[in-house]
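>>> here is my input; please provide its structure:
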Amino acid sequence: MASHESINPNAPLEYQSSEGKNNILGFWIFIGAEFALFSTLFASYFVLVDRNAGAISTGELFDLSLVLTMTFLLLTSSFTAGIAIHEMRAGRVNRMLVWVGLTLLLGLGFLGFEIYEFVHYAHEGATLSASATGLHSLSY
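Here you go, the predicted structure:
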């Protein structure tokens, strides 16, 4: 930090330097790009939701309990990652490692459910050639 910049104890560390302020700006640019991406994905979904070309419908294909479980795992892993960062900044290495380990376990659980979901979709006939729903299974 340059000597001409003073430290304000009431402001977060990220706002204490020009580099930190640029990082915050980069974060908001990232959030804007994510907003545009997910807006496009949701718009595509609403346009294609009932266009299945005779294949299995999305209502028959998707299991809401599985979707909610995966969402819970993903959001919880984000929360535990945040706690790990807090522990790291506080210098508590052992606690940080516990939270990082929990985050990794939650992430592995999410990936396991994703693999199960892709295999299930392919087995049910939701392939790329069958309908727009198969786009979700493209990476399979």
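>>> which element is Thr103 on?
Secondary structure assignment for Thr103, by DSSP states H and E: helix 93-124.
>>> what packs against that helix?
Where contact means 3 or more Cβ pairs under 8 Å, 6 or more residues apart in numbering; DSSP states H and E, helix 93-124 is packed against helix 64-89. For the C-beta atoms, the positions are set from N, CA and C on the backbone; glycine is no exception.
>>> quick check: angle from the helix it packs on to helix 93-124?
In this structure, helix 64-89 runs at an angle of 160 degrees to helix 93-124, with axes from the mean of the first three to the mean of the last three Cα atoms, to 10 degrees as the basis.
>>> which other helices and strands does helix 64-89 contact?
Helices and strands in packing contact with helix 64-89 are listed as helix 93-124; criterion 3+ Cβ pairs under 8 Å, 6+ apart.
>>> any buried residues in the helix it packs on, and which?
Neighbour counts over helix 93-124 (16 or more other Cβ atoms under 10 Å) mark 96, 99-100, 102-103, 106-107, 109-110, 113, 117-118, 121 as buried.
>>> most widely separated two among those residues?
Using Cβ to Cβ, the two most remote members of the buried residues of helix 93-124 are Met96 and Tyr121, lying 37.1 Å apart.
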